[in-house]
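>>> sequence first, then the predicted structure:
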Amino acid sequence: MAGPDQLLALLDDVDRWLGRRQSACDLVLMGGAALVLAHGSRRATKDLDIVVRGQAEVEEKGLAGLETDFGRASGREPWIDLVLSGLPCLPEGWTTRTVPLPGPWTQLTVRRLSDADQVSAKLKAWRPHDRRDIEFLLTRHPEARTHLERLAAVDFWYAEDIWEEKIEPRLKQVLRWMDGELQSLG
């Protein structure tokens with residue numbers, strides 16, 4: 001399991017890898033690694049979940065090797081998990097709300113999901129560690145509630161069934177927890 005030092009070392013390695021290929025890449029971090037690097041979570045993770053912005057361009061530039069050299073099959077830990085840009089289920093406009101993650105990289109531009117969009121992604125998965133991550137994030141950033149309260153089916157127009165079956169009922173539970181009606185999301 002990796003902490004911040006190992007996750008940053010992985011980003012440094014990717015930056016050098018891109019430099020050798022004279023290429024650049026825009027990444028958006030999500031999941032546990034984003035919580036560790038941006039919010040100081042002590043939670044360990046095995047991977048760095050990323051969406052590569054402009055994935056078609058990545059293929060054109062021959063950067064598909066990114067997953068080969070740094071993905072799970074590479075035997076590295078932590079590894080990179082390339083998330084398809086349509087997954088996980090994120091609200092409309094999420095790309096406009098990403099937040100820069102500063103670092104010493106020359107070939108990488110690294111951003112992370114906004115706090116509310118990070119919660120939205122975890123509402124779909126809803127595994128025990130996702131619920132703990134939601135509690136961690138919203139305890140430190142309760143202002144994300146404003147955006148969460150405005151979420152509606154229209155934000156998930158491309159995944160209406162997921163909104164109705166998973167996200168909406170779980171969001172209601174999160175808001176009840178934030179109101180003190182529930183002790184945990186457990």
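Everything's here; your move. Residues are numbered from 1 along each chain as shown.
>>> where do the helices sit along the chain?
Listed in chain order, the helices of the chain (DSSP state H) span 4-20, 32-39, 55-60, 65-70, 115-125, 128-140, 144-150, 160-162, 168-178.
>>> pick out the shakiest of those helices, pLDDT-wise.
Mean pLDDT values for these show the minimum at helix 55-60, a mean of 58.
>>> so which residue is dead centre in the protein?
Met30 (1.0 Å; Cα atoms, centre = their mean).
>>> quick one on the thing from earlier: quick one: closest of the helices of the chain to Leu101.
helix 32-39 (6.0 Å; Cβ to Cβ). Backbone N, C-alpha and C define where each C-beta goes, glycine included.
>>> by contact count, what packs against that closest one?
Applying 3 or more Cβ pairs under 8 Å, 6 or more residues apart in numbering; DSSP states H and E, one finds that helix 32-39 contacts helix 4-20, strand 47-52, strand 108-112, helix 128-140.
>>> how about 10 Å then?
helix 4-20, strand 25-30, strand 47-52, strand 99-100, strand 108-112, helix 115-125, helix 128-140 (3 or more Cβ pairs under 10 Å, 6 or more residues apart in numbering; DSSP states H and E).
>>> and the angle from it to helix 128-140?
20 degrees (axes from the mean of the first three to the mean of the last three Cα atoms, to 10 degrees).
>>> tell me, domain by domain, which residues of this protein belong where.
4-114, 116-178 (automatic domain parsing).
>>> quick one, which of those is nearest to Ser184?
Taking those one by one with Cβ to Cβ, domain 116-178 is closest: 6.6 Å.
>>> hmm, back to that, for the helices and strands packed on helix 32-39, could you give me JSON lines that also reports distance to Gly180?
Listed next are these as JSON lines, based on distance: least, Cβ to Cβ, whole Å:
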{"stretch": "helix 4-20", "distance to Gly180": "31"}
{"stretch": "strand 25-30", "distance to Gly180": "28"}
{"stretch": "strand 47-52", "distance to Gly180": "31"}
{"stretch": "strand 99-100", "distance to Gly180": "28"}
{"stretch": "strand 108-112", "distance to Gly180": "28"}
{"stretch": "helix 115-125", "distance to Gly180": "18"}
{"stretch": "helix 128-140", "distance to Gly180": "12"}
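>>> among those, which is nearest Arg176?
Nearest to Arg176, of all the helices and strands packed on helix 32-39, is helix 128-140, at 12.2 Å by Cβ to Cβ.
>>> how about the helices of the chain in JSON lines, adding mean neighbour count?
Below are those laid out as JSON lines (neighbours: other Cβ atoms under 10 Å):
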{"stretch": "helix 4-20", "mean neighbour count": "16"}
{"stretch": "helix 32-39", "mean neighbour count": "23"}
{"stretch": "helix 55-60", "mean neighbour count": "13"}
{"stretch": "helix 65-70", "mean neighbour count": "16"}
{"stretch": "helix 115-125", "mean neighbour count": "23"}
{"stretch": "helix 128-140", "mean neighbour count": "17"}
{"stretch": "helix 144-150", "mean neighbour count": "15"}
{"stretch": "helix 160-162", "mean neighbour count": "11"}
{"stretch": "helix 168-178", "mean neighbour count": "16"}
